[in-house]
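Q: Output the structure for:
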Amino acid sequence: MNKKYFGTDGIRGEVGKGPITPDFMLKLGWATGRVFRQEGRRNRVLIGKDTRISGYMFESALESGLAAAGVDVALLGPMPTPAIAYLTRTFRARAGIVISASHNPYYDNGIKFFSAEGVKLADSIEFAIEDYLAKDIDVVTSSELGRAARFEDAKGRYIEFCKSTVPYNVNFNGMKIVVDCADGATYQVAPSVFKELGARVDVIGATPDGLNINKDIGSTNPQALVDKVVESGADFGIAFDGDGDRVIMVDHKGEVVDGDELLYIIACDKHRKNKLQGGVVGTLMTNFGAELAFSEENIPFERANVGDRYVMEILLRNKWKLGGEGSGHLVCLDCTTTGDGIISALQVIVAMIEQERSLYELKRGMRKMPQHLINVKIGQRVNLAEHDGIKGAIAHAEKQLAGRGRVLLRPSGTEPVIRVMAEGENDGVVEMVTKNLAEVVRESFA
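A: The predicted structure is shown next:
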């Protein structure tokens with residue numbers, strides 16, 4: 001059975017178009033309250049948000065719906081998504097809600113949820129919320145209405161939590177860092193974390209106006225960070241996305257260090273200290289160079305479908321602690337319960353300090369393979385696995401890559417396209433293989 005509203009990471013869309021409207025958010029708050037409310041006790045749900053202008057509107061609507069269901073609300077204001085996961089646990093709340101569209105532009109928004117344990121909701125809970133969304137709102141008696149309050153110390157609590165993931169004998173004295181907050185949710189907390197650990201910090205992307213979140217800045221637009229790191233002579237730079245669950249870095253030479261490379265650095269450091277606790281989970285899009293590098297370090301590696309939900313599923317199944325995506329959405333379960341850009345960056349910096357090596361030196365242990373991607377538009381849903389011509393073309397392509405590369409064909413979950421990707425050691429061969437495969441797909445389905 002498919003969900004009507006929930007996607008792989010909550011509910012998301014363009015503001016003003018269903019379901020991202022005030023009336024829907026009111027009902028969503030009520031439905032959430034009905035699912036999480038327990039009789040005979042005060043029930044509390046936390047609400048945080050990023051900096052996009054529509055957050056104020058949706059915060060008020062969710063608050064009203066939750067109160068109508070008899071649930072108290074703690075308003076945290078602009079806070080990174082992973083901070084809501086952490087604070088939901090520490091405040092012993094029934095659930096946490098984040099109003100954010102992550103790395104999307106300001107005119108989009110969405111809702112993410114965390115359980116009392118600080119993890120994404122189970123499918124059964126999302127189905128239960130959708131069941132209530134199909135019903136009429138009924139308001140509890142006036143004596144049972146929920147109350148709302150703003151928590152002023154939330155930022156300080158999260159800052160201290162982030163710092164607690166760094167060994168007490170490690171400090172950042174002497175480091176010069178540029179931090180790019182994407183004019184988003186990390187703008188108040190991220191600079192403080194790195195400053196309080198001893199670094200000299202230059203900050204960009206920390207003047208949100210409600211409309212500039214992720215605009216030409218942040219982890220999806222790292223050129224501003226590259227320019228600032230080179231211009232200022234910083235040791236490295238750190239860029240977050242709008243809600244702070246993704247991170248990419250820039251070394252002192254101005255070279256971008258993506259999520260695959262950061263995952264490799266963290267994994268190798270923990271493996272060196274016998275603290276890795278199993279293997280590493282990437283995704284179908286993780287660069288083949290990472291897979292080879294993990295193999296050379298005798299680190300088990302497994303691929304999940306694209307999306308942090310699927311990475312988390314394999315981590316929990318294998319009882320492993322580390323996984324992530326090239327986008328910089330990294331999960332360090334030995335430190336926290338969800339993807340956290342600040343904490344992931346801290347793990348990399350600790351590796352740099354303890355090994356006395358620069359970010360540039362640490363990333364060189366992994367050689368990224370050339371990768372080519374072509375999106376082929378199709379007119380209908382297709383089953384690639386059952387098409388003999390496609391299977392033959394894939395086998396031929398893999399033979400051309402001679403075991404030092406891979407091919408991937410997968411339907412997009414959001415567009416009518418087949419994503420055709422190949423990667424390997426020789427850029428020319430990879431480009432040729434990708435074009436040939438794309439042509440076979442185009443002739444077969446377009």
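Q: okay, CA-based contacts and neighbour counts for the rest of this
A: Noted.
Q: where in the stretch 1-150 of the chain is pLDDT low?
A: Applying pLDDT under 70 to the stretch 1-150 of the chain picks out no residues at all.
Q: which stretches of the stretch 201-350 of the chain form helices?
A: 223-232, 259-272, 288-296, 308-318, 341-355 (DSSP state H, counting those that start in this stretch).
Q: how many other residues sit next to Leu211?
A: 15 (other C-alpha atoms under 10 Å).
Q: got a list of what it touches?
A: Arg52, Ile53, Tyr106, Tyr107 (C-alpha atoms under 8 Å, 6 or more residues apart in numbering).
Q: and the most centrally placed residue in the chain, what pLDDT?
A: Centroid-nearest residue in the chain, with C-alpha atoms, centre = their mean: His329, separated by 3.8 Å. We have a pLDDT of 97 for His329.
Q: Can you tell me how far the nearest residue to it once chain neighbours are set aside is from Lys49?
A: With C-alpha to C-alpha, 6 or more residues apart in numbering as the criterion, His329 has its nearest non-adjacent residue at 4.4 Å, and that residue is Arg246. Using C-alpha to C-alpha, to the nearest Å, Arg246 is found at 16 Å from Lys49.
Q: same check, this time on Ile266
A: 29 Å.
Q: ok, these two, which is more surrounded?
A: Using other C-alpha under 10 Å as the criterion, Ile266 and Lys49 rank with Lys49 on top: 30 against 26.
Q: Once you drop chain neighbours, what's closest to the more buried one?
A: Ile99 (4.4 Å).
Q: what do you get for Val311?
A: Here the residue nearest Val311, using C-alpha to C-alpha, 6+ apart, is Ala304, at 5.5 Å.
Q: Does that neighbour touch Met285 like I think?
A: No - using C-alpha atoms under 8 Å, Ala304 makes no contact with Met285, being 9.1 Å away.
Q: higher neighbour count, the two?
A: Ala304 (22 against 17).
Q: check contacts around Ile394.
A: By C-alpha under 8 Å, 6+ apart, the neighbours of Ile394 are Val407, Leu437.
Q: Ramachandran angles for it?
A: phi -60, psi -40 (degrees, to the nearest 10).
Q: Ok, the one 10 residues further on next?
A: Backbone geometry at Arg404, expressed as degrees, to the nearest 10, gives phi -120, psi 40.
Q: ok, now how distant is it from Phe24?
A: In terms of C-alpha to C-alpha, Arg404 sits 50 Å off from Phe24.
Q: And Ala234, by the same measure?
A: Ala234 is 46 Å from Phe24, by C-alpha to C-alpha.
Q: And these two? Which one has more around it.
A: Neighbours per residue (other C-alpha under 10 Å) separate Ala234 from Phe24, with Ala234 holding more: 21 against 17.
Q: doesn't Ala234 make contact with Trp359?
A: Wrong residue type there; residue 359 is Leu, not Trp. No - Leu359 lies out of contact with Ala234 (C-alpha under 8 Å); the separation is 11.6 Å.
Q: the helices in the stretch 1-150 of the chain, which residues?
A: Going by DSSP H, counting those that start in this stretch, the stretch 1-150 of the chain shows helices at 22-36, 54-68, 81-90, 123-133.
Q: And the contacts of Leu211, which is closest to Tyr168?
A: Arg52 (35.7 Å; C-alpha to C-alpha).
Q: wait, doesn't the closest one sit right on Gly210?
A: Yes - between Arg52 and Gly210 there is a contact under C-alpha under 8 Å: 4.2 Å.
Q: neighbour count winner among those two?
A: Arg52 (27 against 17).
Q: Tell me how far the more buried one lies from Met79.
A: Arg52 is 12 Å from Met79, by C-alpha to C-alpha.
Q: Next: Asp131.
A: When Asp131 is compared with Met79 (using C-alpha to C-alpha), they lie 29 Å apart.
Q: how about the strands of the stretch 51-200 of the chain, start to end?
A: 72-78, 95-99, 108-115, 148-150, 176-180, 200-204 (DSSP state E, counting those that start in this stretch).
Q: With the stretch 301-446 of the chain instead?
A: 301-304, 322-324, 330-332, 371-377, 405-411, 417-424.
Q: Including distance to Gly18, could these go into CSV?
A: Compiled in CSV, the strands of the stretch 301-446 of the chain are given as follows (distance: least, C-alpha to C-alpha, whole Å):
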stretch, distance to Gly18
strand 301-304, 31
strand 322-324, 31
strand 330-332, 31
strand 371-377, 26
strand 405-411, 25
strand 417-424, 24
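Q: So in terms of bridging, what pairs with Lys176?
A: Judged by DSSP bridges, the bridge partners of Lys176 are Arg200.
Q: Contact partners for it?
A: Neighbours of Lys176 in contact, by C-alpha under 8 Å, 6+ apart: Ala199, Arg200, Val201, Asp202, Ala234, Asp235, Phe236.
Q: Recalculate using a threshold of 7 Å.
A: Lys176 sits next to Ala199, Arg200, Val201, Ala234, Asp235 when contact means C-alpha atoms under 7 Å, 6 or more residues apart in numbering.
Q: and the first one, how far is that from Thr88?
A: Think Ala199. Distance from Ala199 to Thr88, by C-alpha to C-alpha: 29 Å.
Q: Equivalent analysis for the second one, please.
A: Distance check for Arg200 against Thr88: by C-alpha to C-alpha, it reads 31 Å.
Q: Neighbour count: those two, which is higher?
A: Thr88 (26 against 18).
Q: Just list whatever residues bridge to the closest residue to that one other than its chain neighbours.
A: Excluding its sequence neighbours, the residue lying closest to Thr88 (C-alpha to C-alpha, 6+ apart) is Gly96, at 5.5 Å. Beta bridges link Gly96 to Leu46, Phe114, judged by DSSP bridges.
Q: List the contacts of Gly96.
A: Val45, Leu46, Ile47, Ile84, Ala85, Thr88, Phe113, Phe114, Ser115.
Q: can you name the two of those that are farthest apart?
A: Longest span within the contacts of Gly96, C-alpha to C-alpha: Ile47 and Ser115, 12.4 Å.
Q: neighbour count winner among the two?
A: Ile47 (24 against 20).
Q: Of all the strands of the stretch 301-446 of the chain, which one is nearest Ala149?
A: Taking those one by one with C-alpha to C-alpha, strand 330-332 is closest: 30.9 Å.
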